[in-house]
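In: Build me a model from this:
(chains A and B)
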2 protein chains.
Amino acid sequence: MLVSCCYEIPIFLSKKKNFKTYIARFNSELFTLTYGALVTQLCKDYENDEEVNKQLDKMGYNIGVRLIEDFLARSSVGRCHDFRETADVIAKVAFKMYLGVTPSVTNWSPAGDEFSLILESNPLVDFVELPDNHSNLVYSSLLCGVLRGALEMVQMAVDVRFAQDTLRGDSVTEIRMKFIKRIEENLPAGDE
Amino acid sequence: MLVSCCYEIPIFLSKKKNFKTYIARFNSELFTLTYGALVTQLCKDYENDEEVNKQLDKMGYNIGVRLIEDFLARSSVGRCHDFRETADVIAKVAFKMYLGVTPSVTNWSPAGDEFSLILESNPLVDFVELPDNHSNLVYSSLLCGVLRGALEMVQMAVDVRFAQDTLRGDSVTEIRMKFIKRIEENLPAGDE
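Out: The predicted model follows:
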């Protein structure tokens, strides 16, 4: 089982993480473990990691197209004027609101159409270690789909992928986002 | 798709729920939608609702046996002296912490070995309507498993089931819990 390793890890997060993070993520563990159950189930259902990644991204997309309404209603955030403003809202409002962490926005492309979200810690991967036979699994792929789906609903087509992942031995988690195009307002978007 | 109905429901929860609930559940929507994705996936995987309920309960059990450590570490709750105290801790501390709601504890059996948790609202079912062909689905079964697994780790064997469910037309959600026996400390518990 994917997350079975956590049996051996004493869960005293307060000792490993700073107090502010600890408070912000006070009630995220049920979500984290439920997400683990979802990934585990998909690993049983699909033959290879690439297919699991694709399914997680697709599920995330369907979640994103719904979550955006909730986000706009609760955050009181208005229309962003450019991609830099969008990046800041994603990092400082959306991630904070739904995952209790605030990634830094960095590595802008010269043209200003690409940036990275750097997460010092990723709540989704608490207690998780990838087994050797899942070396191609992008465990948190759901997040890429959520971002893609949510932005599509505010007329922004983006490409989202993991560039670094602590689960795969990198020192941070890096989500790379690339602006593709503005979508015409009249085109309906829906389930993929 | 199970939760597709929510496309038609405007998500302005703040107008429907009281402000306190609104704040407590500020960031639960991502969890709610991810749980919906998990249930939807299981409905694709298994032939009938009864099997899906069983799988959700089993996943919940595996989550519960992990979550209890997190709960004990963060809540500073000590050993409960009787089942009534356990009921209060579940309702007022655990549900509050992980789901942002506080069920009422009621309908005690004369022998004091059974009670109900009444949830005025269940965060897991926000946006959800059961399609007609899933009339036997106990959508939130995961919660039964979580409670069963967590309590087993503190040497309490309990039976947990949904007695009422707003998703099935009842006016409240009622989780019925029955004390079965105290488990000997030396027996190891683990994955089901």
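In: Name the SS class of the spatially closest residue to residue A:181 that is not a sequence neighbour, please.
Out: The shortest distance from residue A:181 to any residue other than its chain neighbours is 4.9 Å, reached at residue A:157 (Cβ to Cβ, 6 or more residues apart in numbering or on different chains). Where you see a C-beta, it was placed from the backbone N, CA and C, and this is true even at glycine. Taking DSSP: H, G, I helix; E, B strand; the rest coil as the rule, one finds residue A:157 in the strand state.
In: Contact partners for residue A:157?
Out: With contacts defined as Cβ atoms under 8 Å, 6 or more residues apart in numbering or on different chains, residue A:157 is in contact with A:151, A:179-183.
In: Provide a ChimeraX selection command restricted to the buried entries of these.
Out: The buried subset of the contacts of residue A:157, as determined by 16 or more other Cβ atoms under 10 Å in any protein chain shown, is captured in ChimeraX by this line:
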select /A:151,179
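In: which stretches of chain A form strands?
Out: Secondary structure of chain A (DSSP state E): strands at A:104-106, A:114-119, A:156-164, A:173-182.
In: give me the low-pLDDT residue ranges for chain A?
Out: Scanning chain A for pLDDT under 70 picks out A:1-27, A:186-192.
In: At the geometric centre of it, which residue do we find?
Out: For chain A, residue A:143 is the residue whose C-alpha lies nearest the centre (Cα atoms, centre = their mean; 2.6 Å).
In: so residue A:87 makes contact with residue A:178?
Out: No - contact status for residue A:87 versus residue A:178: not in contact, 11.5 Å apart, counting by Cβ atoms under 8 Å.
In: higher neighbour count, those two?
Out: Per other Cβ atoms under 10 Å in any protein chain shown, whichever of residue A:87 and residue A:178 has more neighbours is residue A:87, with 22 against 14.
In: Name the nearest residue to the residue nearest to the centre of chain A, ignoring sequence neighbours.
Out: Nearest non-adjacent residue to residue A:143, counting by Cβ to Cβ, 6+ apart: residue A:60, 6.3 Å away.
In: list the contacts for the one you found?
Out: Applying Cβ under 8 Å, 6+ apart to residue A:60 gives the contacts A:141-149.
In: can you map out the helices along chain A?
Out: With DSSP state H as the definition, chain A shows helices at residue ranges A:13-16, A:19-24, A:29-45, A:49-75, A:83-89, A:95-99, A:141-153.
In: Check the ones you listed for me and report the most buried one.
Out: Mean neighbour counts were taken over the helices of chain A using mean count of other Cβ atoms under 10 Å in any protein chain shown, and the top value, a mean of 24, falls to helix A:141-153.
In: Can you list the helices and strands that that helix packs against?
Out: Packed against helix A:141-153 by the contact rule (3 or more Cβ pairs under 8 Å, 6 or more residues apart in numbering or on different chains; DSSP states H and E) you find helix A:49-75, strand A:156-164, strand A:173-182.
In: now the angle from the first one to helix B:29-45?
Out: So the one you mean is helix A:49-75. Helix A:49-75 and helix B:29-45 are oriented at 140 degrees to each other (axes from the mean of the first three to the mean of the last three Cα atoms, to 10 degrees).
In: could you give the angle of helix A:49-75 to strand A:156-164?
Out: Using the same axes, to 10 degrees, one finds that helix A:49-75 and strand A:156-164 are set 120 degrees apart in direction.
In: sorry, back to before: can I get the strands of chain A in a markdown table with distance to residue A:65?
Out: As requested, those are exported to a markdown table (distance: least, Cβ to Cβ, whole Å):
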| stretch | distance to residue A:65 |
| --- | --- |
| strand A:104-106 | 23 |
| strand A:114-119 | 20 |
| strand A:156-164 | 12 |
| strand A:173-182 | 17 |
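In: which of those strands is buried the deepest?
Out: Between the strands of chain A, the one whose residues have the most neighbours on average, counting mean count of other Cβ under 10 Å, is strand A:114-119 (a mean of 21).
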